[in-house]
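Peer 1: The following comprises the amino acid sequence and a computationally predicted model.
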Amino acid sequence: MTAETSQGLSRREALRRSTARLSAAGIAEAAGDARFLMLGLLGLETRDLLLDGDTILSADAALTLDAALARRLLGEPVARILGAWEFWGLPFRLAPETLVPRPDTEILVEAALAAVPDRNAPLRCLDLGTGSGCILVALLSELPHAVGIGVDRSRGALHMAQQNAMANAVDRRAAFMAGDWCDALRGGFDLVVSNPPYIADDLIQDLDRDVRAHDPRAALAGGPDGLTAYRRILEGVRANALLAPGGTLLFEIGYDQADSVRDLARAAGFTDRGLKRDLAGHDRVLIFSLSSGHTDA
């Protein structure tokens, strides 16, 4: 047995060894990453480590854990290794074409729900750039009489979004379609939400390795100034009358984009309804309605 194998170790020892290996490689969340990998890949729960921590790993379990650690040491994110991640307390499978759902995006869901006067109303929701479907599925899980459409250019992402809707029992109220933002859509939706690509193209090389090397570039690259998708969506929402009377448009934004996106929205005939910050205090979500006199229906 060498320092590079978990063969012959108990669950508790393997977790300790895995944490040490990740920590030695400079991985900041070594303890959490090691625990997520062990629990997720070996089908264990926390109580299994607490009550049966002395159980020796099977040969297959040791090989599985070691292979996952090797991938993490090369910079692959835990969520990619597991092929799934949690968002809004719900499980979501991932595909190469989808982003890993991030806690900051839950602010978008919170803001959208806060904009709904009656959660039992028969609302219509639209998620532009749906990816894994996490935003739309989370909304439908909280809005029992709502229906929704998720739009994405990637068919691989759409397939995974449909699978996630099924896994979270909202598939009868969700539909997913291939499209380029608002093209071929017509209104009116009570909620239009989007977490579009918003990283300026020349800044992608400066992102953390985990993101730069493993997240799909199409879900990151927002054009020369990071605002291309916002322009397209604002134009499409107005031109295609996608907001129902009293409807709300919500964007996730980059930490330094609030003023720029506000200017674009106001120029397109939208009214600023507020800003939400994430837990780190960064600008994260902008909320808009369509200004009176600018409905194109």
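Peer 2: That came in fine, so what should we check first?
Peer 1: buried set for the host helix or strand of A213?
Peer 2: Assessed by DSSP states H and E, A213 sits inside helix 209-214. By neighbour count on 16 or more other Cβ atoms under 10 Å, the buried set for helix 209-214 is 210, 214. (C-beta placed from N, C-alpha, C; glycine too.)
Peer 1: got the contact list for the helix or strand hosting L15?
Peer 2: Using DSSP H and E, L15 falls within helix 11-24. Defining contact as Cβ atoms under 8 Å, 6 or more residues apart in numbering, one finds that helix 11-24 is touched by 3-4, 6, 9, 30-31, 33-35, 37-38, 44, 48-49, 52-57, 62, 65, 69, 72-73.
Peer 1: Just the buried ones from those residues, in PyMOL syntax?
Peer 2: Listed next is the PyMOL selection for buried residues among the contacts of helix 11-24, using 16+ other Cβ under 10 Å:
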select buried, resi 6+9+30+31+33+34+35+37+38+44+49+57+62+65+69+72
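Peer 1: Tell me which of the contacts of helix 11-24 fall in helices.
Peer 2: 30-31, 33-35, 37-38, 48-49, 62, 65, 69, 72-73 (DSSP state H).
Peer 1: Quick check: the farthest pair among those?
Peer 2: Largest separation among these by Cβ to Cβ: D48 and L73, giving 24.5 Å.
Peer 1: In terms of helix, strand or coil, where does T105 fall?
Peer 2: helix (DSSP: H, G, I helix; E, B strand; the rest coil).
Peer 1: residues in contact with it?
Peer 2: For T105, the contact set (Cβ under 8 Å, 6+ apart) comprises 87, 134-135, 195, 252.
Peer 1: residue ranges with poor pLDDT in this protein?
Peer 2: 1-3, 292-297 (pLDDT under 70).
Peer 1: Show me the strands in it, by range?
Peer 2: Applying DSSP state E to the chain gives strands spanning 84-87, 90-93, 124-128, 147-152, 174-178, 189-194, 243-252, 270-277, 283-290.
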